[in-house]
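In: everything below, folded, please.
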Amino acid sequence: MVFFDGKDISNYSVDNPEAFLSERAITRRNKYNIPVTSQDLPVVSLYVDLIGSIQDVSVFHKTRWLNGVLIEADESQVPVIEDLAFVTDVRFVAPGQRFKPVALDVSGSSTITQSSGRISEISNAIQNNMLGIDEMHAAGFTGEGKMIAVFDAGFIGTNFSSYFTRLFENNLVVATWDFVENTADIYKYDDHGTSVLSTISAYYEDVFTGIAPDSEVVLCVTEDVPTEYVIEEYNWLFAAEYADSIGVDIINTSLGYNIFDDPSMDYDYEDMNGNTAIITRATDIAASKGILCVVSVGNEGNKDWKKMVAPADADSVIAVGAVNENEEYLTFSSTGPTADLRIKPDMSALGQGTVVIGWDGLITSGSGTSYASPLIAGLAAGVWQAYPQLSNIELIELIKKGSSQYDSPDTLLGYGIPDFKAIQSEITSLEEDLSDRGFKIYPNPLKDHILFVEISESRKSRDNIEIEIFDLNGSSVFYHRAKRIKTGSRIELDLAHLASGVYILHLNAGNDYGTAKILVP
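Out: As a prediction, the model looks like this:
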């Protein structure tokens with residue numbers, strides 16, 4: 001990795017993000033008031049060209065967030081690169097030649113060949129029911145409108161299994177990229193990603209239903225299975241920036257790092273502090289862009305290491321541990337706390353006998369926090385679809401509140417096992433909080449497309465109140481900012497442009513916020 005000094009001579013500007021971010025990525029930032037900063041700007045192209053002009057140096061992936069490039073070069077070239085005025089650091093990340101000279105294409109996707117396959121009669125109901133997914137689906141929340149990126153070791157069989165036919169027929173695979181060899185073909189290497197993805201996206205009527213089967217997906221290979229070097233953390237970073245630029249809402253990572261083939265790259269437990277590992281830092285940056293990151297806590301519980309592995313130590317993610325079907329802790333599941341004494345895991349899901357789809361396109365089962373993590377990612381997609389006004393950080397807190405151990409978290413299960421109905425109850429209490437905090441919303445259902453927001457006499461005056469309304473796909477359909485609001489006043493909202501249906505109102509008044517469902521007849 002070669003890191004650069006600043007972006008002062010960049011060809012890009014934060015005032016024109018359309019040049020380097022998709023419309024969807026910009027919409028996410030605008031929705032949650034996340035500014036586009038110099039961290040989002042592409043690396044300076046002149047620097048990249050100068051590095052690439054050095055004999056026997058090939059430039060591959062670039063990182064906007066950490067301002068650098070990944071190169072292949074002989075060790076003898078390192079001093080030449082280090083002498084360049086704009087280079088701040090050069091780090092060895094892996095031995096050997098690895099990449100194919102293919103340009104990364106955001107729209108890239110490899111060929112799909114579906115076959116009928118055989119259908120097994122094993123249900124994945126246990127893992128879904130544990131999280132209240134039946135109730136979530138019955139309420140109409142299946143991840144529609146949300147985009148989930150899965151970073152893994154390979155997706156063998158995904159492109160021919162009947163369990164993924166619906167995924168491809170509905171054009172829900174948005175993009176693919178293999179960051180290990182630099183190609184668009186991700187249907188190779190390993191079926192770990194296939195199994196992880198299946199818990200979210202696989203579907204076969206009356207046999208298997210993934211937790212968020214209507215979500216769009218971005219599939220990336222970042223893990224190089226035969227070896228273990230820190231380059232895989234950088235692969236994750238590149239994939240996260242790729243996913244961010246496309247506009248992904250959620251990233252699932254059923255991978256983790258602590259010990260490498262080169263001992264000089266190893267981490268100690270003290271490094272599990274939320275700020276040290278490259279992948280941990282990258283995960284927190286992704287979270288700062290509004291992306292919800294869900295990660296497996298690791299399978300080190302009955303090994304010498306015992307604790308979580310990076311990036312589960314990050315402070316802005318959901319790190320997921322494993323339980324059995326009786327909702328009991330599994331001893332292989334990594335534990336907390338982090339080195340700086342934060343609770344980990346954050347929550348838990350089924351990680352023993354989890355029903356998944358394998359490389360041959362058939363139902364099988366597996367164990368590990370790898371399979372617990374995507375269950376939570378799928379749940380989060382459905383919850384976010386239901387309550388699109390929430391930011392990723394607010395969503396994390398809401399799911400924690402709807403978990404079985406919220407009042408007494410520990411370092412085995414974290415805040416416990418979340419349940420959709422319990423999460424709904426938490427939202428209902430937020431709706432009730434609007435009246436408790438001095439706001440009244442009426443009539444509901446609306447009459448003549450008019451909605452009133454009244455500030456009660458019990459409430460102090462408030463300079464600014466922001467009211468935003470979202471449809472159930474998470475799109476903002478109305479925004480109003482009222483200034484110099486006085487006690488006892490009433491705000492009239494004309495919602496004549498809204499079609500009939502259910503919407504979510506989000507009210508923000510300084511430190512007070514709340515949500516309410518509204519019905520337009």
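
In: residue boundaries of the helices in the stretch 401-521 of the chain?
Out: 420-436 (DSSP state H, counting those that start in this stretch).

In: any stretches of it with poor pLDDT?
Out: 428-437, 456-463, 484-488, 510-512 (pLDDT under 70).

In: quick one, strands of it?
Out: Secondary structure of the stretch 401-521 of the chain (DSSP state E, counting those that start in this stretch): strands at 439-447, 450-455, 462-470, 476-485, 490-494, 501-509, 512-520.

In: residues of the fifth one that come out buried?
Out: Residues 491, 493 are the ones in strand 490-494 that count as buried (16 or more other C-beta atoms under 10 Å). Any C-beta I mention is one placed from the backbone N, CA and C, and that applies to glycine too.

In: how near is Pro443 to Asp494?
Out: Plainly put, Pro443 is 14 Å away from Asp494 if you go by C-beta to C-beta, to the nearest Å.

In: show me the shaky parts of the stretch 151-300 of the chain.
Out: Using pLDDT under 70, the stretch 151-300 of the chain has no residue that qualifies.

In: show me where it has its helices.
Out: Counting by DSSP H, counting those that start in this stretch, the helices of the stretch 151-300 of the chain are 165-169, 192-201, 231-246, 278-288.

In: do the same with the stretch 1-150 of the chain
Out: 23-31, 45-52, 78-82, 125-129, 133-138.

In: those: which one's closest to Thr364?
Out: helix 125-129 (13.5 Å; C-beta to C-beta).

In: closest to Tyr189 out of the helices of the stretch 1-150 of the chain?
Out: That would be helix 125-129 among the helices of the stretch 1-150 of the chain, by C-beta to C-beta, at 25.2 Å.

In: relative to the whole chain's centre, how far out is stretch 135-153?
Out: Distance, stretch centre to chain centre, for stretch 135-153: 11 Å (C-alpha atoms, centre = their mean, to the nearest Å).

In: dump the residue contacts of Phe179.
Out: 61, 220-222, 235, 238-239 (C-beta atoms under 8 Å, 6 or more residues apart in numbering).

In: list the buried residues for stretch 385-405?
Out: Going by neighbour count (16+ other C-beta under 10 Å), the buried part of stretch 385-405 is 385-392, 395-396, 398-405.

In: oh, that last question was meant for stretch 219-231, not what I typed.
Out: Quick answer for stretch 219-231 (16+ other C-beta under 10 Å): 219-224, 227-231.

In: ok, for Asp494, nearest residue in space, not its chain neighbours?
Out: Ile450 (6.3 Å; C-beta to C-beta, 6 or more residues apart in numbering).

In: pretty sure that neighbour contacts Arg490?
Out: No: at 11.2 Å, Ile450 does not count as touching Arg490 under the criterion of C-beta atoms under 8 Å.

In: and the angle from the host helix or strand of Leu375 to helix 192-201?
Out: Secondary structure from DSSP states H and E places Leu375 in helix 369-386. In this structure, helix 369-386 runs at an angle of 30 degrees to helix 192-201, with axes from the mean of the first three to the mean of the last three C-alpha atoms, to 10 degrees as the basis.

In: quick one: contacts for the nearest residue to Pro337 once chain neighbours are set aside?
Out: Sequence neighbours aside, Thr411 is the residue nearest to Pro337 in space, at 5.4 Å (criterion: C-beta to C-beta, 6+ apart). Counting by C-beta under 8 Å, 6+ apart, Thr411 makes contact with 335-337, 343-345.

In: now Arg64
Out: Arg64 touches 20, 39-43, 241, counting by C-beta under 8 Å, 6+ apart.

In: switch to 6 Å and redo it
Out: Contact partners of Arg64, counting by C-beta atoms under 6 Å, 6 or more residues apart in numbering, are 42, 241.

In: do Ala339 as well
Out: Going by C-beta under 6 Å, 6+ apart, the list of residues near Ala339 reads 269-270, 272-273.

In: beta partners of Gly366?
Out: Beta-bridge pairing for Gly366 (DSSP bridges): Thr354.

In: so it touches Val355, yeah?
Out: No: Gly366 lies out of contact with Val355 (C-beta atoms under 6 Å); the separation is 8.5 Å.

In: Thr338 versus Val87, what's the distance?
Out: 33 Å.

In: and these two? Which one has more around it.
Out: Neighbours were counted for Val87 and for Thr338 using other C-beta atoms under 10 Å; Thr338 has more, 21 against 18.

In: surely the more buried one is in a helix?
Out: No: assessed with DSSP: H, G, I helix; E, B strand; the rest coil, Thr338 is coil; it does not lie in a helix.

In: measure it to Val297 for me?
Out: From Thr338 to Val297 the distance is 11 Å (C-beta to C-beta).

In: one more: Phe3?
Out: 30 Å.

In: quick one, which of the two is more surrounded?
Out: Val297 (31 against 16).

In: what's near enough to touch the more buried one?
Out: 308, 312, 319-321, 334, 345, 369.

In: just put the residues you listed in CSV and tack on neighbour count and secondary structure.
Out: Below are those laid out as CSV (neighbours: other C-beta atoms under 10 Å; DSSP: H, G, I helix; E, B strand; the rest coil):
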residue, neighbour count, secondary structure
Met308, 32, coil
Ala312, 33, coil
Ala319, 34, strand
Val320, 32, strand
Gly321, 35, strand
Ser334, 29, coil
Pro345, 33, coil
Thr369, 30, helix
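
In: is it possible to get a markdown table of the residues you listed that adds pLDDT?
Out: Formatted as a markdown table, the contacts of Val297 follow (pLDDT from 0 to 100):
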| residue | pLDDT |
| --- | --- |
| Met308 | 97 |
| Ala312 | 98 |
| Ala319 | 98 |
| Val320 | 98 |
| Gly321 | 98 |
| Ser334 | 98 |
| Pro345 | 98 |
| Thr369 | 98 |
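
In: from those residues, which is closest to Asn11?
Out: Ala312 (37.2 Å).

In: shouldn't the closest one be in contact with Gly321?
Out: No: the pair Ala312 / Gly321 is not scored as a contact, 9.1 Å apart, by C-beta under 6 Å.

In: need the three-state assignment for Leu398.
Out: helix.

In: residue contacts, it?
Out: Leu398 neighbours (C-beta under 6 Å, 6+ apart): Glu426.

In: can you rerun that using 7 Å?
Out: Residues in contact with Leu398 (C-beta atoms under 7 Å, 6 or more residues apart in numbering) are 390, 423, 426.

In: and the chain, what are its domains?
Out: 2-90, 125-426, 437-520 (automatic domain parsing).

In: now distance to Phe99 too, for the ones you listed, in CSV please.
Out: Formatted as CSV, those follow (distance: least, C-beta to C-beta, whole Å):
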stretch, distance to Phe99
domain 2-90, 5
domain 125-426, 4
domain 437-520, 36
